[in-house]
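# predicted model and sequence below, questions to follow.
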Amino acid sequence: MSVQARIVDGPLDPQAPEASPGSGAVLRFEGVVRPVEPQGPGGAPRELAALHYETYDPMAERSLAALATEMLARHRVHAIRVLHSRGRVSAGAISFTLEVRAAHRAEAIAALTEFIDRMKRDVPIWKRPVWR
């Protein structure tokens with residue numbers, strides 16, 4: 001079982017999943033900055049130039065790694081690799097990558113879904129819109 005968690009500057013490059021013997025499921029999720037965001041409840045959509053991410057790196061990386069470790073045990077997955085951007089990420093670019101490897105798809109899907117929900121709630125990463 002392995003965990004990799006890193007905060008990196010700027011947008012992320014698409015990457016091929018790593019080979020993983022014994023994993024029947026390799027899921028890769030890429031979070032892409034949307035070009036349009038709702039302004040608020042019932043508000044009209046606004047065009048977005050970018051998102052600016054702020055992190056407290058040591059705490060954010062520790063939180064991502066701890067969450068990944070918890071998902072390994074809870075969902076019996078083999079490995080989790082997570083990368084999250086810091087700084088400006090333009091609309092259309094990747095700001096978050098999560099790769100989950102498991103013996104079966106059900107465990108991988110459950111771990112991926114729970115990881116993302118918990119990360120958004122618990123990890124100290126903040127985003128600020130940069131409007132066009």
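Received the coordinates, thanks.
# quick check: closest non-adjacent residue to the residue minimising distance to the centre of the chain.
Centroid-nearest residue in the chain, with C-alpha atoms, centre = their mean: residue 96, separated by 3.8 Å. Excluding the flanking residues, the one nearest residue 96 by C-beta to C-beta, 6 or more residues apart in numbering is residue 31, at 3.4 Å. To be clear about C-beta, it is placed using only N, CA and C from the backbone, and glycine gets the same treatment.
# need the contact list for that neighbour.
Residue 31 makes contact with 94-98, according to C-beta atoms under 8 Å, 6 or more residues apart in numbering.
# all helices of the chain, in order?
Ranges of helices in the chain, per DSSP state H, are 57-75, 105-122.
# closest to residue 21 out of those?
helix 105-122 (15.4 Å; C-beta to C-beta).
# to the chain's geometric centre, what's the distance from that closest one?
In terms of C-alpha atoms, centre = their mean, to the nearest Å, the gap separating the centre of helix 105-122 from the centre of its chain is 10 Å.
# stretch 98-105 too?
14 Å.
# which parts of this structure are strands?
Counting by DSSP state E, the chain has strands at residues 2-9, 25-32, 36-38, 45-55, 77-90, 94-102, 125-131.
# most tightly packed of the ones you listed?
Counting by mean count of other C-beta atoms under 10 Å, strand 94-102 has the highest mean neighbour count of those, with a mean of 23.
# report all helices and strands that that strand contacts.
Under the contact criterion of 3 or more C-beta pairs under 8 Å, 6 or more residues apart in numbering; DSSP states H and E, strand 94-102 touches strand 25-32, strand 77-90, helix 105-122.
# ok so, going back, tell me what the residue nearest to the centre of the chain is bridged to.
On the basis of DSSP bridges, residue 96 is bridged to residue 31, residue 84.
# from what I can see it touches residue 33, true?
No - judged on C-beta atoms under 8 Å, residue 96 makes no contact with residue 33 at a distance of 9.5 Å.
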